[in-house]
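1. got a sequence here, can you model it:
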Amino acid sequence: MALEWLFIALAALVGVRTLAFGQRLTAPLVALMTLGGAALAVMTTSAQKPAPPQPIALSYAGFATSNACRSCHPAEYASWHASYHRTMTQNATLGSVASEALRHGGRLHVETSGRTVELFAEREQLRARLPDPGVTSAAAPAAYEASFRAAPMREVPVELITGSHRHQAFWLSGARQGELCVLPAVYLIAEQRLIPRHDAFLNPPDAPEQAVRWNSNCIQCHAVAGAPGHDQARDVFRSSAAELGIACEACHGGGAAHVRAMQNPLARYRAHAGSKTELGIVNPAGLSSERASQVCGRCHAYFFPKHEDDWWLHGFARSYAPGGDLTQAQRLLSPEVLAAPDAPELGASADSLFYRDGTIRVGGREYNGLLRSACYERGHGDKKLSCLSCHSMHQGAPDKQLDPEKLGNAACTHCHVAQGANVSAHTHHPESSAGSLCYNCHMPRTSYALLGAIRSHRVDSPAFDASRQDRPNACNLCHLEQSEAWAAAQAAAWFGQKPSFVLERADALEAAHTPAGGVFALSGDAAVRAITAAALGRSEGPSAARALRAQLLSVLAKDDYAAVRSIAERSRRGLDLGPLPDALPPALFTRLLDARDRRHVTIAE
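-> Numbers count the residues shown, from 1 in each chain. Have a look, this model is predicted:
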């Protein structure tokens, strides 16, 4: 196989499995990756030193770049410029490095696969010292780790950086012409430390290190009009992009024709006067809910290209433009699609990526969740849920880009008027409590991403039946000290008996006295344990349950999965619990631990 991907967004990187670099991709081109951008071409003047050669050509017909938008759209340009979309992929300058230590001449190093990897700056150039990537990137996937352990050490320049919000990844030249390979280490921005890349994602402890290539894993979403440019005959890359990161034309379409038209003062006057003028630009806010959401779903989804050969040359730059029909370019993946005879082959089990009921459990793939939401499936017109029902790219704060006019319950009560008129009557919680916020019940944090848990974008209601027994229910993510049986009984008492309110668990887990937090933390698979470790660090429920939190976090801090350990330690630091007696009786503790789902889970979002 030529390329197997599973990472992030979102966006960083779901179980990315790379392909044998010398072959064509036959199965996975699965967009669960940290999709990257292209290197910025630096303009020079006679007073400047010539810029070093860039690994990615910055040009694509029909695109003008964000700089051409700035003079006429200063407010929109400013809000975009402040966003993490803009800085998703950057040239590897010291100004784009999140580490203050690196910016001030320090060195970062970490041990991974028995070797030391270092980052440092030399004459304003970010550099890395590691086993020679020109050797390791030429190895077959199965031989990569052995090659990494044996290759001679080498100092090389860092070419690109992806991420600026929570993590940063670093890209180096590989063995093939134009190829960029990942440094096997990730910088955690909040914690200000470098960790092995293997530990930055949800990987089984015995999973071998994998090579990851920017040109085929990242270019399609973290650059505008990213094109791999793979020459199959020569096995080299002539990758290109219109612009680094996620810029104006990623959402509005190529702007070259628009810029040319707007150089005419009469055309600008007609446009500002509201006259219909062919501008060649798409405004997602003016599209139908389906097409507007597809603009976001182009990247925020788990997909496979429909035209694989064309993708290897042009990415999606020719097969999709904002406002068009995304289904003509991409095949959205789901458990049903992956069960079909012609399904692409993944490098990890679909169980890692989806819950049993088909809900995506990987962050950065929100479009998959949206399309399974009743508010999308059954809505019509402006009552049909879309990404823009909650998010605003130019008005929201950079962190989540939520529309300021739709914070709290406002996005939901636009349609659900009766519930909004008397929130506590519907929620059975005090109006000012966390339990009366729509998204805490209908969009719980059951997606794993970036060493944490984020909200599911499948809008649905708490359920306890067998089809959803592997997904932590919203009620018990707050009420971790209560049993699932208690939560199911409360739901039935408030909303009437329904099949989805009938708890279906193994006898050992269903007992009325068994805290759900214990079931999730001790019996769940690795992704559920990671999500629970994050939930244990929050205090949204009415009971502190400090002893239970302390006991469970102590166990999760010793988990086999490095990602689970990292989340548990962060939750412990935030709560400052101190020594407390165990909350779970030894026999119950042992019974829950014996019931653990030990299947391998791989998520590199």
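2. residues in contact with the residue lying closest to residue 243 once chain neighbours are set aside?
-> In space, and not counting its chain neighbours, residue 243 is closest to residue 224: 4.2 Å by Cβ to Cβ, 6 or more residues apart in numbering. Placement of C-beta: from N, CA and C, glycine included. Taking Cβ atoms under 8 Å, 6 or more residues apart in numbering as the criterion, residue 224 is in contact with 37, 60, 63, 65, 241-247, 249-250.
3. for residue 94, same thing?
-> Contacts for residue 94 (Cβ under 8 Å, 6+ apart) come out as 102-103, 121, 124, 126.
4. three-state assignment of residue 216?
-> When classified by DSSP: H, G, I helix; E, B strand; the rest coil, residue 216 comes out as helix.
5. one step back: so which of the contacts of residue 224 are in strands?
-> 241, 243-244 (DSSP state E).
6. let's have those residues in JSON lines, adding pLDDT.
-> Converted to JSON lines, the ones in strands among the contacts of residue 224 look like this (pLDDT from 0 to 100):
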{"residue": "241", "pLDDT": "95"}
{"residue": "243", "pLDDT": "95"}
{"residue": "244", "pLDDT": "87"}
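7. picking that back up, closest to residue 208 among the contacts of residue 224?
-> Proximity of those to residue 208 (Cβ to Cβ) peaks at residue 37, which lies at 27.7 Å.
8. pLDDT wise, what is that closest one at?
-> Residue 37 is assigned a pLDDT of 32 by the prediction.
9. before we move on, the earlier item: out of the contacts of residue 224, flag the one nearest to residue 580.
-> Using Cβ to Cβ, residue 246 comes nearest to residue 580 of the contacts of residue 224, at 45.1 Å.
10. out of everything not next to it in sequence, what's closest to the closest one?
-> Nearest to residue 246 is residue 85, by Cβ to Cβ, 6+ apart, at 3.8 Å.
11. and the one you found, which helix or strand is it part of?
-> Applying DSSP states H and E as the criterion places residue 85 outside every helix and strand.
12. distance of it relative to residue 426?
-> 35 Å (Cβ to Cβ, to the nearest Å).
13. again with residue 230
-> Plainly put, residue 230 is 54 Å away from residue 426 if you go by Cβ to Cβ.
14. again with residue 324
-> For residue 324, the distance to residue 426 - Cβ to Cβ - is 39 Å.
15. what distance do you get for the residue lying closest to residue 456 once chain neighbours are set aside to residue 307?
-> Leaving aside its chain neighbours, residue 456 sits nearest to residue 446 (4.7 Å; criterion: Cβ to Cβ, 6+ apart). Per Cβ to Cβ, residue 446 is found 33 Å from residue 307.
16. same thing with residue 374?
-> Going from residue 374 to residue 307 by Cβ to Cβ gives 32 Å.
17. quick one, grab the pLDDT at residue 23.
-> pLDDT, residue 23: 38.
18. tally of neighbours for the residue lying closest to residue 384 once chain neighbours are set aside?
-> Of all residues not flanking residue 384 in the chain, residue 289 sits nearest, at 4.0 Å (Cβ to Cβ, 6+ apart). Neighbours of residue 289 under the rule other Cβ atoms under 10 Å: 21.
19. repeat that for residue 405.
-> Counted with other Cβ under 10 Å, residue 405 comes out at 11.
20. would you say it is within a strand?
-> No: under the criterion used here (three-state DSSP), residue 405 is helix, not part of a strand.
21. quick check: which element contains the residue nearest to residue 226 when sequence neighbours are not counted?
-> Of all residues not flanking residue 226 in the chain, residue 219 sits nearest, at 3.7 Å (Cβ to Cβ, 6+ apart). For residue 219, there is no helix or strand it lies in under DSSP H and E.
22. ok, now how distant is residue 219 from residue 528?
-> With distances taken as Cβ to Cβ, residue 219 is found 32 Å from residue 528.
23. look at the two and report which has more neighbours.
-> Between residue 219 and residue 528, residue 219 has the larger neighbour count (other Cβ under 10 Å), namely 28 against 25.
24. hey, where'd the helices end up in the stretch 451-600 of the chain?
-> Per DSSP state H, counting those that start in this stretch, the stretch 451-600 of the chain carries helices over the ranges 474-478, 484-495, 507-510, 516-518, 526-536, 546-556, 562-575, 586-594.
25. which of the contacts of residue 224 lies closest to residue 482?
-> Nearest member of these to residue 482, counting by Cβ to Cβ, is residue 246, at 41.6 Å.
26. wouldn't the closest one be in contact with residue 88 here?
-> Yes: between residue 246 and residue 88 there is a contact at 5.4 Å, judged by Cβ atoms under 8 Å.
27. if you count what's nearby, which of those two comes out ahead?
-> residue 88 (29 against 25).
28. so if we follow the domain assignment, how does this structure break up?
-> When the chain is parsed with automatic domain parsing, its domains come out as 57-200, 461-594.
29. as a quick check, tell me the outermost residue of this structure.
-> Farthest-out residue of the chain from its mean C-alpha position, per Cα atoms, centre = their mean: residue 266, at 43.6 Å.
30. so it is in which element?
-> Here residue 266 is assigned to helix 265-272, by DSSP H and E.
31. so which bits of whichever helix or strand comes after that helix are buried?
-> Heading C-terminal from helix 265-272, the first helix or strand you meet, by DSSP H and E, is helix 289-297. Neighbour-count burial for helix 289-297, counted by 16 or more other Cβ atoms under 10 Å, picks out 289, 291-297.
32. which strands and helices sit next to whatever helix or strand comes next after helix 289-297?
-> Sequence-wise, the next helix or strand downstream of helix 289-297 (DSSP H and E) is strand 303-305. If you count contacts as 3 or more Cβ pairs under 8 Å, 6 or more residues apart in numbering; DSSP states H and E, strand 303-305 packs onto strand 330-332.
33. mind giving me the packing neighbours of the strand it packs on?
-> strand 303-305.
34. what mean pLDDT does the strand it packs on have?
-> What strand 303-305 shows for mean pLDDT is 94.
35. now do the strands in the stretch 351-500 of the chain.
-> 447-448, 453-454 (DSSP state E, counting those that start in this stretch).
36. CSV for those strands, including mean neighbour count?
-> Listed next are those as CSV, based on neighbours: other Cβ atoms under 10 Å:
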stretch, mean neighbour count
strand 447-448, 29
strand 453-454, 24
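37. give me the residues contacting stretch 543-556.
-> Contacts to stretch 543-556, defined as Cβ under 8 Å, 6+ apart, come from residues 479-481, 515, 517-518, 521-522, 529, 532-533, 536-537, 564-565, 567-568, 571-572, 575, 577-584, 589.
38. ok, back up a step: how about the residue nearest to residue 456, what does it touch?
-> Residue 446 makes contacts with 355, 359, 361, 453, 455-456, 471-472, 477, 531, as judged by Cβ under 8 Å, 6+ apart.
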